[in-house]
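*Asks:* heads up, no residue letters with this:
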């Protein structure tokens, strides 16, 4: 399939290449969308990852790189006081690892061979690479050994990715072995932050490993509509237990196109009623002010 080979397809380009009308292409894309093989976008479509199809790490490293880089920088700003950090497999989590401060003493727990190699070069980082079978697709470890090692840890913060995220089905991934490791990472972490570009939203893969409400925050780009982002924020993204909020605010340091769903970690214990989550648009002029009503940090450019 062209969409799987190229990462996306454009209606006009396909029509010209196949010598058919744009309406014929649109009709075929609608059929593929109904079968769950692609997701429609404005003027085209992109493939949906499933139990039978998953992009490689090398492919992911060539797509949406500017957006992923800004997402990673924003995620690194949410490190707060965390000392032990889980970094998931995948290209965006690898970029998060690179964006973490080099002068902080951190213990990095990861399944990713590439992330482990990057962080092992740092003087102040201790790296724990989880054991198990290595998947060539993502160059990361999976299976029971990785899961059992994670089960023995209490991790301050987990940066996780997903192949799909939806309000109905939560966070999903194509491979059951990967799903088990991700589920354990979510369970072992006090705080959980999801990172992913807009194409992951609304997509559903084979194995569910977490619910949206288990997350403290979701960081994506503004190609996800403000309305859709608000719908996700209403599901909760929440921090579990009693957490100390990170210092400062979330910034990208450049003209950005990022959106953060969620809030700073609460100083209250789990079970205490929370202020409503807010959706903030992140720009290079990312001024912040305090909300006296809710006592939470709020963007000056907060969305309605």
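*Replies:* Structure received. Small disclaimer: the values here were computed from a predicted structure and weren't measured. Numbers count the residues shown, from 1 in each chain.
*Asks:* which SSE is residue 29 in?
*Replies:* Assigned by DSSP states H and E, residue 29 falls within helix 22-34.
*Asks:* With residue 157 instead?
*Replies:* Going by DSSP H and E, residue 157 is in strand 155-160.
*Asks:* likewise residue 218?
*Replies:* Taking DSSP H and E as the criterion, residue 218 maps to strand 217-221.
*Asks:* Outside of that strand itself, list whatever touches it.
*Replies:* Outside strand 217-221, the residues within contact range by Cβ atoms under 8 Å, 6 or more residues apart in numbering are 64, 67, 70-71, 74-75, 78, 165, 193-198, 200-201, 212, 229, 232, 237, 257-263. (C-beta placed from N, C-alpha, C; glycine too.)
*Asks:* what's the neighbour count on the residue nearest to residue 29 when sequence neighbours are not counted?
*Replies:* Closest residue to residue 29 apart from its sequence neighbours, by Cβ to Cβ, 6 or more residues apart in numbering: residue 45 at 4.9 Å. Residue neighbour count, defined by other Cβ atoms under 10 Å, stands at 25 for residue 45.
*Asks:* in the sheet, who's paired with residue 45?
*Replies:* Taking DSSP bridges as the rule, residue 45 bridges to residue 9, residue 40.
*Asks:* Read off the pLDDT value for it.
*Replies:* Residue 45 carries a pLDDT value of 73.
*Asks:* Would you agree it is in contact with residue 33?
*Replies:* Yes. If you go by Cβ atoms under 8 Å, residue 45 and residue 33 touch, sitting 6.8 Å apart.
*Asks:* how about the residue positioned nearest the centre of the chain, what does it touch?
*Replies:* Nearest to the mean C-alpha position of the chain, by Cα atoms, centre = their mean, lies residue 195 at 1.9 Å. Counting by Cβ under 8 Å, 6+ apart, residue 195 touches 71, 72, 75, 92, 93, 96, 159, 160, 161, 218, 219, 220.
*Asks:* Same question for the helix or strand hosting residue 67: list its buried residues.
*Replies:* Assessed by DSSP H and E, residue 67 sits inside helix 65-76. The neighbour-count check on helix 65-76 (16 or more other Cβ atoms under 10 Å) flags 67, 68, 69, 70, 71, 72, 73, 74, 75, 76 as buried.
*Asks:* Closest one to residue 19 out of the residues you listed, please.
*Replies:* Checking the buried residues of helix 65-76 against residue 19 with Cβ to Cβ, the nearest one is residue 67 at 33.5 Å.
*Asks:* Check what pLDDT that closest one gets.
*Replies:* Residue-level pLDDT assigned to residue 67 equals 92.
*Asks:* Could you do residue 39 as well?
*Replies:* pLDDT for residue 39: 65.
*Asks:* same thing with the one 3 residues further on?
*Replies:* Among the per-residue scores, residue 42 holds a pLDDT of 70.
*Asks:* That one: neighbour count?
*Replies:* Counted with other Cβ under 10 Å, residues neighbouring residue 42 total 7.
*Asks:* Likewise for residue 120?
*Replies:* 12.
*Asks:* again, but for the one 4 residues further on
*Replies:* Neighbourhood size, residue 124 [other Cβ under 10 Å]: 11.
*Asks:* tell me the pLDDT at it?
*Replies:* 95.
*Asks:* One more: residue 57?
*Replies:* Among the per-residue scores, residue 57 shows a pLDDT of 71.
*Asks:* How about the one 5 residues further on?
*Replies:* On the pLDDT scale, residue 62 is placed at 72.
*Asks:* what about it, distance to residue 55?
*Replies:* Per Cβ to Cβ, to the nearest Å, residue 62 is found 10 Å from residue 55.
*Asks:* More neighbours: which of those two?
*Replies:* residue 55 (18 against 10).
*Asks:* Check the spacing between residue 78 and residue 54 real quick.
*Replies:* 27 Å.
*Asks:* more neighbours, the two?
*Replies:* Neighbour tally, residue 78 and residue 54, criterion other Cβ under 10 Å: the higher count belongs to residue 78, 24 against 20.
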